[in-house]
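**Q** Quick one, fold the following:
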Amino acid sequence: MRGIKHPLTNEIYEVSDDGENIIVSGSHGSGTFTFGGKWISGELKHADPHLCGWLGSERGENRFRDAENRTRRIS
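**A** Below you'll find the model as predicted:
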């Protein structure tokens, strides 16, 4: 899975293996959300909709490519 740590809550936001949802894991449990941040299942009922949308976007997809496949060099 590809993911990122939320800068304020320290929860881990990851795209599911099938690429259809966001899985959020934190100290209070985990939950599954849409790319719009709507709750699907799990103990956590709230997620950052902006981070969910970013991870689900093409830009988020490009961010998690491996070093050999980068379209631009990050310095």
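
**Q** so where do the strands sit in the protein?
**A** Remark: strands of the chain, listed N- to C-terminal, are 3-5, 12-15, 22-26, 29-33, 39-42; assignment by DSSP state E.

**Q** Out of those, which is closest to C52?
**A** When the strands of the chain are compared for distance to C52 using CB to CB, the nearest one is strand 22-26, at 4.6 Å. Yep, even glycine has a C-beta here, placed from its N, CA and C like the rest.

**Q** on that earlier part again, is it possible to get a markdown table of the strands of the chain that adds distance to W54, mean neighbour count and mean pLDDT?
**A** Putting the strands of the chain into a markdown table (distance: least, CB to CB, whole Å; neighbours: other CB atoms under 10 Å; pLDDT from 0 to 100) gives the following:
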| stretch | distance to W54 | mean neighbour count | mean pLDDT |
| --- | --- | --- | --- |
| strand 3-5 | 9 | 15 | 85 |
| strand 12-15 | 9 | 19 | 92 |
| strand 22-26 | 10 | 22 | 94 |
| strand 29-33 | 13 | 18 | 96 |
| strand 39-42 | 18 | 13 | 97 |
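
**Q** Need those strands in JSON lines (columns: distance to L51).
**A** Compiled in JSON lines, the strands of the chain are given as follows (distance: least, CB to CB, whole Å):
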{"stretch": "strand 3-5", "distance to L51": "7"}
{"stretch": "strand 12-15", "distance to L51": "5"}
{"stretch": "strand 22-26", "distance to L51": "8"}
{"stretch": "strand 29-33", "distance to L51": "10"}
{"stretch": "strand 39-42", "distance to L51": "14"}
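
**Q** Out of those strands, which gets nearest to P49?
**A** Distance to P49, taken as CB to CB, is lowest for strand 29-33 among the strands of the chain, at 8.3 Å.

**Q** Ignoring the adjacent residues along the chain, who's closest to H50?
**A** Distances taken as CB to CB, 6 or more residues apart in numbering place G37 nearest to H50, at 7.7 Å, with adjacent residues excluded.

**Q** Settle this for me: that neighbour is touching L55, isn't it.
**A** No: with contact taken as CB atoms under 8 Å, G37 and L55 are classed as non-touching, separated by 10.5 Å.

**Q** got the angle for the longest helix along the chain vs strand 22-26?
**A** Among the elements of the chain assigned as helix by DSSP state H, the one spanning the most residues is helix 49-56. Angle, helix 49-56 to strand 22-26, by axes from the mean of the first three to the mean of the last three CA atoms, to 10 degrees: 120 degrees.

**Q** Perfect, I'm done here.
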